[in-house]
Every structure is written in structure tokens, then in C-alpha cells.
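**Q** structure of the sequence below:
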Amino acid sequence: MTFNRKILLCAVALALGALFIRLGFWQLDRHGERSAGVRARAERADAPRLEWLGPGDVPPDTAGLIGRRARLAGRWDRAGEVILRSRTLDGQAGAEVLTPLLVGGDAGQVVMVLRGWLPAPDGLRPDLASGWSDASGDGSGAHARPQASPPASAARTPAEVEGVLVSSRDGRGGQPLRTEIAGAQHLAIAGLDLALIREQTALEPTPHVLRADDPPPDGALRPARAVETEAGPHLSYAIQWFAFAVIGLGGTAILLRSSSEGRRP
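**A** Model (predicted):
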């Protein structure tokens, strides 16, 4: 191997090694951030349950409430249900359902509640009515569809829902779609994105999303995806990047040494 080729090989190996090491430390930083988030959510989960029973109870904090348990009271607005499309569960295609809850009544603040998962062969059009039952509380809402209305006795009973507050992120919703279900139009998005919901509907939800606890067993709803409790694979990714750097630099050193020994008389 000529001297110039050795210089070029060393330069490439050092550049790649530096890149791999930088990526490794980036993954370590991500691991630290995710671990801190998981620990913070675990601490909030042990805090007293937040009671949000009227418009005056709206918590001013948003990020500091992620992972906190809460109980909300109000009235459901079924007509405003939003579809989180393409959600598989146990290998079955389906969608998750976001239902607006009017906290404090019809004139209350709108909080989006992730009520659960429903099967849908196309991942877009679940049978929303199957997610309700006569015993599930106030399902009428201010704009309930006739075919999904509960009995009058349930309509007179305030709806209450308990769960865990989860995060929304702008840009997570992807391309908004409109889908017709049982004669009504519903917004279908790819992820929890309150900004997109505000833009695409007449709803003005607060910056909070409640992931409801396990739904009643008499409905078709199944639990939505659980809140993340692990730091993710970033630590293993960091180890891989550091290993790539060691292999690349070590392999280059061995190659240069072998070339030098081969040129000796």
C-alpha cells in the first residue's frame, strides 16, 4: 500500500470513528433524557389524583402533569370523536378513539380523552357506536348521534372518567383525513396532535390528553396503548455506535500494520 493510500485510509477511518463516537454520545444523551422522563412520570403517578370536575379546575401546568392520574367529570361529545388511525393490537388492524369531554357540562372546557382501541379492517373506520354501552355513563353529549344515544336516565348522570394524563406533540398527526362512519364525518389523524385537531375541527381542546383507564368489559373498546415506562433502546444504540468506532479504527490499524510488515524484505 502506497504512502498516499495509507494517509487516505487513516483520514477516512478517523473521520468515521469520530462520527460513530459522536453518534454514540448522542444516543447516551437521548437515553439520559428518556430515563429522566420515565422517572418523572413515575413520581407523578404516585402524586395525589388530580380532581378536574369543572372549568375552574383546569391545571395551568401541562408538561409537569404528564403521567399524573386524574379524574374528570363532564359530558361526552360523540359527534366530535377523532380517529387515531392504523393502530394494531395483537396483530389485528384497528384504530384508537379520542373523544371530547366537556368538563363541567355543555359549556365546559374540552378535554380530549383517549378512550381505547376498536377493531377496523382498514385501520380507519371503526364502529364507534360499539365503543359505547348503556351502562358506560353519559354518552349523549351536546351533539350525540341518534343511533348512539344512551337512555334518558344516563343522560341525566354526569360522566366521570379516570386515567393518566399523556403528551401531545405538534406535527405528530400527519396528513389529516376525513372519514364517514355511520353517516357522520370524523377526523382521522396519525397521532396525538392537539394543534391539528384545533386546525381541522371546531373543537378548542385544552393542552391536555387523558388516557382513560381500562374500559368497561361490556363494550367493544379495548385499552389504548400504555404510557411508556422504559427508556427505550438508546443505550444499546450507543453501545453499537461505540463498537463500530472501535472496529473501524482497530481494523484500520491492523490493516496498516499488515501492509507494513508485508513490505519488509
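
**Q** residues contacting Pro223?
**A** 116-117, 213-215 (Cβ atoms under 8 Å, 6 or more residues apart in numbering). The way it works is simple: take the backbone N, C-alpha and C, and place the C-beta from them, glycine included.

**Q** farthest-apart pair in the residues you listed, please.
**A** Using Cβ to Cβ, the pair of those lying farthest apart is Trp117 and Asp213, separated by 13.6 Å.

**Q** show the buried residues in the contacts of Pro223.
**A** Those of the contacts of Pro223 that meet the buried threshold are 116-117, 215, by 16 or more other Cβ atoms under 10 Å.

**Q** hang on, Leu50 packs against Arg68?
**A** Yes - in this structure, Leu50 is within contact of Arg68 by Cβ atoms under 8 Å, at 5.7 Å.

**Q** what about the helices in the stretch 1-150 of the chain?
**A** Using DSSP state H, counting those that start in this stretch, the helices of the stretch 1-150 of the chain run over residues 3-45.

**Q** what's the answer for the stretch 151-265 of the chain, then?
**A** For the stretch 151-265 of the chain, the helices defined by DSSP H, counting those that start in this stretch cover 152-155, 194-200, 234-263.

**Q** quick one: buried residues of the longest one?
**A** This means helix 234-263. Buried-residue list, helix 234-263, by 16+ other Cβ under 10 Å: 234-235, 237-238, 241-242, 244-245, 248-249, 252, 256.

**Q** worst-scoring helix or strand of this structure, pLDDT-wise?
**A** helix 152-155 (a mean of 38; mean pLDDT, DSSP states H and E).

**Q** report the contact partners of Arg172.
**A** Arg172 neighbours (Cβ under 8 Å, 6+ apart): 190-193.

**Q** phi and psi next, for it.
**A** The phi/psi pair for Arg172 (degrees, to the nearest 10) reads phi -80, psi -20.

**Q** from Ile83, how far off is it?
**A** Distance, Arg172 to Ile83, using Cβ to Cβ, to the nearest Å: 14 Å.

**Q** neighbours of the residue nearest to Trp241 when sequence neighbours are not counted, how many?
**A** In space, Trp241 comes closest to Gly24 once its chain neighbours are excluded; the distance is 3.6 Å by Cβ to Cβ, 6 or more residues apart in numbering. As a burial measure, Gly24 scores 19 neighbours (other Cβ atoms under 10 Å).

**Q** was I right about Gly24 contacting Ser236?
**A** No - assessed by Cβ under 8 Å, Gly24 is found out of contact with Ser236, at 11.0 Å.

**Q** isn't Leu192 right next to Leu165, touching?
**A** No - assessed by Cβ under 8 Å, Leu192 is found out of contact with Leu165, at 11.6 Å.

**Q** between those two, which one's more packed in?
**A** Ranked by neighbour count (other Cβ under 10 Å), Leu192 and Leu165 place Leu165 first, with 24 against 21.

**Q** got a pLDDT number for that one?
**A** Here, the pLDDT recorded for Leu165 equals 87.

**Q** give the contact list for it.
**A** Each residue near Leu165 by Cβ under 8 Å, 6+ apart is listed here: 50, 65-70, 208-211.

**Q** now Arg30. Nearest residue, chain neighbours left out?
**A** Among residues not flanking Arg30 along the chain, His234 sits closest, at 4.3 Å (Cβ to Cβ, 6+ apart).

**Q** relative to His208, how far out is the one you found?
**A** Using Cβ to Cβ, we find His234 at a distance of 27 Å from His208.

**Q** with Leu84 instead?
**A** Using Cβ to Cβ, one obtains 16 Å as the distance from Leu84 to His208.

**Q** show me which of the two is the more surrounded one.
**A** With neighbours defined as other Cβ under 10 Å, Leu84 and His208 compare such that His208 has more, 26 against 22.

**Q** I figured the more buried one was touching Val113, is that so?
**A** No - using Cβ under 8 Å, His208 makes no contact with Val113, being 9.7 Å away.
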